[in-house]
Every structure is written in C-alpha cells, then in structure tokens.
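Student: please find the sequence and the predicted model below.
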Amino acid sequence: MARGKFITFEGIDGAGKTTHLDWFRQQLAAKLEAQQRGVVMTREPGGTTLGETLRGILLNQPMDLETEALLMFASRREHLAQVIEPALARGDWVLSDRFTDATFAYQGGGRGLPRDKLEALERWVQGGFQPDLTVLFDIPTDTASERRSSARAPDKFESESEAFFERTRAEYLRRAEEAPERFFIVDSSKPIDEIRQRLEEVVATL
Ligand SMILES: Nc1ncnc2c1ncn2[C@@H]1O[C@H](COP(=O)(O)OP(=O)(O)OP(=O)(O)O)[C@@H](O)[C@H]1O
Ligand SMILES: [Mg+2]
C-alpha cells in the first residue's frame, strides 16, 4: 500500500484545534475506509510514553529556553520513530495536534529563540520530512484568551502574556506565507459550523 499522509493542526492556545480534531478524524476515516487505511490521532508534545512524560515537564516546569527547544525536539524524535513513521509506512494517515510549526511559533516567535537554531534541530530530527498538510487555526489573541479560561489551572504556556501570543500568532502566519502549498488557514473566530464547512473543503481536496 502507498504511504499515508501526515496532517497537522496548529494555532495558539484556545484557537480550536482540539475542538475540531475528532470530527476531522471521522471525516477522514470515512473517506479512507474503502482503501482499508486507518487514521492515527496523536499530539505534541507527547504521542509516546516518553513524549507524554516530557510533555508534563515542558508544560509545567520552568527551564532555560534552549533546554525547552531541545526537549521539544527530543519528544518529536521519539514520536517520529515510534508512531508517525511506522503509521505512514503501513499506509495509515496521521493527524497530529501540533508539530514542528508550533516550536517555531512558540519557542521562536513567542520566546525569541533564533530561527537558525530551530532549523538546525529540525534538520537533525526530521531531515526534509514535513507535513503533507497543515491546518492553521488563526484567531485574534484576545478571542483566544477569552476562550481559554477557567476549567483548570493554566499551564506554563497558557499563562503567557497577550504580547507573547501576538508574536506566536505572527510567526505561524509568517510560516504559512512561506509555505502556502502546505498550509490551509481557517478563520477560527467564526462559529464552529462554518469552520466545519471549511474543513469539509479541505477533506474533499485530499
Ligand atoms: N469556533 C468556535 N466558537 C466558539 N467557541 C469555540 C470555537 N472553537 C473552539 N471553541 C471553544 O474554545 C475553547 C478552546 O478550544 P480548544 O480547546 O479546541 O483550543 P485548542 O486550540 O485545542 O487550545 P490548546 O492549544 O490550549 O489545547 C473550548 O472551550 C472550545 O469549546
Ligand atoms: Mg487543544
């Protein structure tokens, strides 16, 4: 069977990634069923036993910025080796809640780590490997912060300032401009039904 495809969901905290992920998985699964391909749903940081341990550390412990970037890519290396590559090789499609664009947006845009360092780690960990499609949930930072709120205590990233999320959002948009063939941008301030219609268009093109 031909190799599967790798699709990532991106956007700042509260943008709506998780809200649409399972619905999108069902749309894809229905489409791929006839070809006997599965859809693997996963997330970053995380996706493996070690990766989920690293996620707990990354989201909750203060650390040096470069340590943070290195741990993100360490988690990603494990994720690629254990989950993503084997799934794509057996013909399944993989849907990930965040991937490398998030590291460029958060550690690069948000925290200011020089882009060339992140590019070096990206080359080391994934060679030329890139998602086949990235859906970017774009949203004004004030709307996202209203949506984030209250059910549980905010993690280290969710506690960041409005200015941090402005820089993070801007870096996501810059990357989308740089690779328009890979990105599909969704206006995430719209109602959920309208966003689903946009996502149906995406699924139809796959
Ligand atoms: N289009 C929308 N209109 C109104 N509310 C929305 C919309 N999309 C998502 N929400 C709500 O916004 C909140 C944040 O959404 P969600 O958890 O999907 O964001 P996320 O991108 O996964 O954030 P995080 O990066 O923090 O995991 C949820 O309470 C969700 O119900
Ligand atoms: Mg989420």
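Tutor: It's in. Ligands and ions are numbered 1, 2, ... in the order given.
Student: alpha carbons only: can I get the helix or strand containing Leu199 in CSV?
Tutor: Using DSSP states H and E, Leu199 maps to helix 192-205. This file holds the C-alpha atoms of helix 192-205, laid out as CSV (Å, rounded to 0.1, in the frame of the first residue of the first chain):
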residue,chain,number,x,y,z
ILE,A,192,-17.9,26.0,14.7
ASP,A,193,-20.4,25.1,11.9
GLU,A,194,-18.7,27.5,9.5
ILE,A,195,-15.3,26.1,10.3
ARG,A,196,-16.5,22.6,9.7
GLN,A,197,-17.7,23.6,6.2
ARG,A,198,-14.2,25.0,5.5
LEU,A,199,-12.7,21.7,6.8
GLU,A,200,-15.0,19.7,4.6
GLU,A,201,-13.5,21.6,1.7
VAL,A,202,-10.1,20.5,2.9
VAL,A,203,-11.0,16.8,3.2
ALA,A,204,-12.5,16.9,-0.3
THR,A,205,-9.2,18.1,-1.7
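Student: could you list the residues of the chain in contact with ligand 2?
Tutor: 17-18 (C-beta under 5 Å from the ion). To be clear about C-beta, it is placed using only N, CA and C from the backbone, and glycine gets the same treatment.
Student: rerun at 8 Å
Tutor: 13, 17-19, 21, 43, 97 (C-beta under 8 Å from the ion).
Student: show me the contacts for the residue sitting nearest the centre point of the chain.
Tutor: Nearest residue to the geometric centre of the chain (C-alpha atoms, centre = their mean): Arg98, 1.4 Å. Counting by C-beta atoms under 8 Å, 6 or more residues apart in numbering, Arg98 makes contact with 8-10, 17, 43-45.
Student: just put those in TSV and tack on neighbour count and secondary structure.
Tutor: Formatted as TSV, these follow (neighbours: other C-beta atoms under 10 Å; DSSP: H, G, I helix; E, B strand; the rest coil):
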residue	neighbour count	secondary structure
Thr8	25	strand
Phe9	27	strand
Glu10	26	strand
Lys17	24	helix
Arg43	19	strand
Glu44	22	coil
Pro45	25	coil
